[in-house]
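Asks: structure, please.
(chains A, B, C, D, E and F)
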There are 4 protein chains.
Amino acid sequence: MTGEDGTLAGRSRKVEPAKIVESAARMFSRKGFFKTIMADIAAEAGIGKGTLYEYFRSKDDLFFAVFEQFMEKSGQAALASIRSSENSAAKRLRAVSDVVTGSWPEMKEIYSLTLEFWAAAASSRHRDRFKAAFKAGYRQYRALVADVLGQGVAAGEFRPDTPVDSVAAVLVGAWDALLLQAWFDDSFDPAASGRAFLDALLRGLCVDG
Amino acid sequence: MTGEDGTLAGRSRKVEPAKIVESAARMFSRKGFFKTIMADIAAEAGIGKGTLYEYFRSKDDLFFAVFEQFMEKSGQAALASIRSSENSAAKRLRAVSDVVTGSWPEMKEIYSLTLEFWAAAASSRHRDRFKAAFKAGYRQYRALVADVLGQGVAAGEFRPDTPVDSVAAVLVGAWDALLLQAWFDDSFDPAASGRAFLDALLRGLCVDG
Amino acid sequence: MTGEDGTLAGRSRKVEPAKIVESAARMFSRKGFFKTIMADIAAEAGIGKGTLYEYFRSKDDLFFAVFEQFMEKSGQAALASIRSSENSAAKRLRAVSDVVTGSWPEMKEIYSLTLEFWAAAASSRHRDRFKAAFKAGYRQYRALVADVLGQGVAAGEFRPDTPVDSVAAVLVGAWDALLLQAWFDDSFDPAASGRAFLDALLRGLCVDG
Amino acid sequence: MTGEDGTLAGRSRKVEPAKIVESAARMFSRKGFFKTIMADIAAEAGIGKGTLYEYFRSKDDLFFAVFEQFMEKSGQAALASIRSSENSAAKRLRAVSDVVTGSWPEMKEIYSLTLEFWAAAASSRHRDRFKAAFKAGYRQYRALVADVLGQGVAAGEFRPDTPVDSVAAVLVGAWDALLLQAWFDDSFDPAASGRAFLDALLRGLCVDG
DNA sequence: CATGAATGAGGCTTCATTCAT
DNA sequence: GATGAATGAAGCCTCATTCAT
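Replies: A predicted model of the protein is given here:
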């Protein structure tokens, strides 16, 4: 009755915590943290309300678990694209930009989770943990991009006076912000804007360089 | 008619709706939309709970009123800076950047309102109105910045192949995103990053222009 | 519309906290603390569930309020009987005994409250407050009876070697215990037993005094 | 068959119902009936939660089993002391008093069980069974003490007009009540009070016998 | 108009009990 | 038999909203 991968045939008796987190993510994304009730999540996961509490102490905790999983996934995706095999710094920046903004179609559906997390960092009971996680996440993200920029400078590809940290901060922010604008405006294409902007940034706006 | 402290009964018999909105903004910013209760707002405004309902149909409506006022103010500030008397496009962009990111110290305290609004656009009962307002706001904002960029191009100040719309989108987004990062990270200076970035953007990153 | 005593004609708009306490006492007595639900109390008091929380922070608090009122009333009744105008100590003891055990018929209905309070002193969240109140109550009660006994000794009415404190403790306890037995056993007459016992105590059991 | 620690698998494969009852008694005493959850009892007994239901139909039933065991033990102790070999009635009463009140130090820890049982007699689902058991228990107890008193009268040791039933009721009640007072008040010594009182009762309070 | 006491729908959470293993 | 994961009924409490004054 038990497959090699440990799954049971039919309705498994043991609930997968990961499945709860996914169901919760789906519901929180759809209705927001406060309008989502525990019963929604249980129903979405196909389990009883009480079972949620076997795995998560409270709604807040479950939400934080969703957040942690989300951050981990986001981090992995960004990391993977940054460590692309491209050799020029410019190409690698383009690769990151394309991956982040290009994933918009799939991300769209759960994008509102991001907004929920940001708001949670402002007012959740776990606000400090949220804020700390975001702070660390952004720092790491900026450091990675700054690293690429720094390599470009070192390689003589970018101007030596490039303010790598500031550019990195804006690039990281820009990717966030393009998705945000895309979320508000269906006709906005974040990938195109991102790519066009990056090219402009590389070559500069001013005629005299 | 004169209070015990000798001042005239300064609070007018007539409740100021604007005062309610301000009090609500303060509370929503402090505790978030859901954790703020109507009693909080009434207390903050120094009026009775029931009075709130004389001016606003519901908590949702009051929140939306706060949002509208917020958008209006934001728009005015941005507009004012964009219409600065500076004559070069580059200078005008720098002026906008400085105004937006430079206002961080004062804005900090109520910044979380922005996060609340974004989240509301995802899950509030008025989500569509929030989304529409943000969409329109961003469009207008982008158009203004694109206009400045276009003037720079027309004036021969910026390269003719400048993708004005994309650059405008990123600039607008970058200002948002820098504030967001500053909110998460006290040691992050959005004004410095914004200014340094803008300079780099104007001159380009690549050595060969 | 408002009477001189401040009561309103018809259904009063202002809830009487005392009425809530009485309703709660009735329900707690009938079903016990845990089986009584807040809805029961609200219904008994003829008010909404939420209104209970306007006057009492929690179910525990309401229960404690019932307890406090109960203790106050009990103390008053006992005090009044002890301060009876009888002049001999023996007569005054008989008066107390008669009052306490004689009130059984009326007390019967709410006697189980006592049992609830005793149990609460063991396991309620407010156990320490319950215990402290009982401790103080018993001390005071014992002191009062010991005082009567002491006066009897001083007046030469009682034997000089009378262990007033111990006798007081047992008398106080006996009145409690007779009611307890009466509560278990309908055919048990606490007043008769109390009176007969007191007489025996006064004259002694042993033939040789 | 031998555990890792080298001991034989000492806990028998077969669960001991008596052990469950003891564990339950411990938990009910510590936290009260309602605050004790089945998981507490199972953990205390070192068995699985489900196993409790192999031996007891419900939490109520288990509680009643604890009660029955408690009553049986109490009865045995009292009986044993009453059937002491002492020959004078007075000495036998003193023996009972000493045994009951003298056991306070050990009893203290589980005394709150008594309070739980009394409360259960008021509001448990099995209230009638509790009440009946208490009624029978008290009757038997009173009868035993009355018997001793009667023998004292018959032997010419006690006055012939001694109201044996009433005195028995109060003595039985007094022992209960002294423990109750001791439970509320650590500085109260039930054994000393009980003994001093009994002596006074035997000789009488009044000077003229 | 302004008020705040009253309300009850609704959410989170607990826990006795069941039952597949 | 023994287990403990799963369950859902049920209870406490909150709070947006109403409405009598």
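
Asks: CA atoms for contacts and neighbours, from now on please.
Replies: Fine.

Asks: whether stretch A:141-150 contacts chain B - can you check?
Replies: No: judged by C-alpha under 8 Å from any C-alpha of the partner chain, stretch A:141-150 stays clear of chain B, getting no closer than 9.3 Å.

Asks: list the buried residues in stretch A:169-189.
Replies: By 16 or more other C-alpha atoms under 10 Å in any protein chain shown, the buried positions in stretch A:169-189 come out as A:169-185, A:188-189.

Asks: just those residues: which are in helices?
Replies: Among these, DSSP state H puts A:169-184 in helices.

Asks: before we move on, the earlier item: from the buried residues of stretch A:169-189, list the ones also adjacent to chain D.
Replies: By C-alpha under 8 Å from any C-alpha, no member of the buried residues of stretch A:169-189 lies near chain D.

Asks: what helices or strands is the longest helix along chain A leaning on?
Replies: As assigned by DSSP H, the longest helix anywhere in chain A is helix A:127-154. If you count contacts as 3 or more C-alpha pairs under 8 Å, 6 or more residues apart in numbering or on different chains; DSSP states H and E, helix A:127-154 packs onto helix A:59-82, helix A:89-102, helix A:111-123, helix A:164-184, helix B:164-184.

Asks: need the contact partners of the fourth one.
Replies: In other words, helix A:164-184. Residues from elsewhere that reach helix A:164-184 (C-alpha atoms under 8 Å, 6 or more residues apart in numbering or on different chains): A:97, A:100-101, A:104, A:108, A:111, A:138, A:141-143, A:145-146, A:149-150, A:188-190, A:193-194, B:131-132, B:134-135, B:138, B:169-171, B:173-174, B:176-178, B:181, B:192-194, B:196-197, B:200.

Asks: A:G152 - how many residues pack around it?
Replies: Residues within reach of A:G152, counting by other C-alpha atoms under 10 Å in any protein chain shown, total 23.

Asks: just the pLDDT at it, thanks.
Replies: We have a pLDDT of 88 for A:G152.

Asks: surely it and A:T162 touch.
Replies: No: using C-alpha atoms under 8 Å, A:G152 is not in contact with A:T162; the gap is 9.7 Å.

Asks: how many neighbours does A:S193 have?
Replies: 22.

Asks: ugh, wrong one, A:I110
Replies: Counted with other C-alpha under 10 Å, the neighbours of A:I110 add up to 16.

Asks: circling back: what are the buried residues along the longest helix of chain A?
Replies: In terms of neighbour count (16+ other C-alpha under 10 Å), helix A:127-154 has its buried residues at A:127, A:130-131, A:133-135, A:137-139, A:141-153.

Asks: what separates it from the chain centre, distance-wise?
Replies: 13 Å (C-alpha atoms, centre = their mean, to the nearest Å).

Asks: and for stretch A:29-43?
Replies: For stretch A:29-43 - counting by C-alpha atoms, centre = their mean - the centre lies 21 Å from the chain centre.

Asks: any part of it near DNA strand F?
Replies: No: Stretch A:29-43 stays clear of DNA strand F (C-alpha under 7 Å from any atom of the strand), getting no nearer than 7.7 Å.

Asks: ok, now which ones touch A:L93?
Replies: A:82, A:145, A:148.

Asks: okay, it and A:Q140: tell me how far apart.
Replies: 16 Å (C-alpha to C-alpha, to the nearest Å).

Asks: and the helix or strand that contains A:E44, anywhere near DNA strand E?
Replies: For A:E44, the host element (DSSP states H and E) is helix A:38-45. Yes: counting by C-alpha under 7 Å from any atom of the strand, DNA strand E has neighbours in helix A:38-45: A:38-39.

Asks: and chain D, is the next helix or strand after that helix touching that?
Replies: Per DSSP H and E, the first helix or strand lying C-terminal to helix A:38-45 is helix A:49-55. No: judged by C-alpha under 8 Å from any C-alpha, helix A:49-55 stays clear of chain D, getting no closer than 13.6 Å.

Asks: and chain A, split by domain according to the record?
Replies: Chain A breaks down by automatic domain parsing into domains covering A:1-56, A:66-203.

Asks: related to what we said a few turns ago, show me what the helix holding A:E44 is packed up against.
Replies: Short answer (3+ C-alpha pairs under 8 Å, 6+ apart): helix A:38-45 packs on helix A:17-35, helix A:49-55.

Asks: how about the residue lying closest to A:R127 once chain neighbours are set aside, what does it touch?
Replies: Nearest non-adjacent residue to A:R127, counting by C-alpha to C-alpha, 6 or more residues apart in numbering or on different chains: A:A121, 4.4 Å away. Residues near A:A121 by C-alpha under 8 Å, 6+ apart: A:127-131.

Asks: A helix includes A:G156, no?
Replies: No: applying DSSP: H, G, I helix; E, B strand; the rest coil, one finds A:G156 to be coil, outside a helix.

Asks: now it: phi and psi?
Replies: Torsion angles at A:G156 (phi, psi; degrees, to the nearest 10) stand at phi 80, psi 10.

Asks: could you measure from it over to DNA strand F?
Replies: Distance from A:G156 to DNA strand F, counting by C-alpha to the nearest atom of the strand, to the nearest Å: 58 Å.

Asks: neighbours of that residue, just the number please.
Replies: 12.

Asks: so where's chain A uncertain?
Replies: Along chain A, the model assigns pLDDT under 70 to residues A:1-13, A:84-86, A:204-209.

Asks: how long is stretch A:156-169 from one end to the other?
Replies: End-to-end for stretch A:156-169, by C-alpha to C-alpha: 21 Å.

Asks: relative to the whole chain's centre, how far out is stretch A:82-101?
Replies: With C-alpha atoms, centre = their mean as the basis, stretch A:82-101 stands 17 Å off its chain's centre.

Asks: buried set for that stretch?
Replies: Buried residues in stretch A:82-101, counted by 16+ other C-alpha under 10 Å: A:82, A:89-90, A:92-101.

Asks: just the CA coordinates for it, please, in PDB.
Replies: Only the C-alpha atoms of stretch A:82-101 are listed here, as PDB (Å, rounded to 0.1, in the frame of the first residue of the first chain):
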ATOM      1  CA  ILE A  82      22.700  35.300 -10.400                       C
ATOM      2  CA  ARG A  83      25.000  32.400 -10.600                       C
ATOM      3  CA  SER A  84      24.300  32.000 -14.200                       C
ATOM      4  CA  SER A  85      27.200  30.900 -16.300                       C
ATOM      5  CA  GLU A  86      27.200  34.200 -18.300                       C
ATOM      6  CA  ASN A  87      30.600  35.600 -18.100                       C
ATOM      7  CA  SER A  88      30.100  39.400 -18.600                       C
ATOM      8  CA  ALA A  89      28.600  41.300 -15.700                       C
ATOM      9  CA  ALA A  90      26.200  43.000 -18.000                       C
ATOM     10  CA  LYS A  91      24.900  39.700 -19.300                       C
ATOM     11  CA  ARG A  92      24.500  38.400 -15.800                       C
ATOM     12  CA  LEU A  93      22.500  41.400 -14.800                       C
ATOM     13  CA  ARG A  94      20.300  41.000 -17.800                       C
ATOM     14  CA  ALA A  95      19.800  37.400 -16.900                       C
ATOM     15  CA  VAL A  96      18.700  38.200 -13.400                       C
ATOM     16  CA  SER A  97      16.400  40.900 -14.700                       C
ATOM     17  CA  ASP A  98      14.900  38.500 -17.200                       C
ATOM     18  CA  VAL A  99      14.400  35.800 -14.600                       C
ATOM     19  CA  VAL A 100      12.800  38.000 -12.000                       C
ATOM     20  CA  THR A 101      10.500  40.000 -14.300                       C
END
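
Asks: number of residues surrounding A:A200?
Replies: The tally of other residues near A:A200 (other C-alpha under 10 Å) stands at 25.

Asks: ok now do it, which residues does it touch?
Replies: Counting by C-alpha under 8 Å, 6+ apart, A:A200 has contacts B:162-163, B:167, B:201, B:204.

Asks: tell me the spacing between the closest residue to A:E44 other than its chain neighbours and C:E109.
Replies: Spatially, and ignoring its direct neighbours in sequence, A:E44 is nearest to A:S23 (5.7 Å; C-alpha to C-alpha, 6+ apart). The gap separating A:S23 from C:E109 is 53 Å, by C-alpha to C-alpha.
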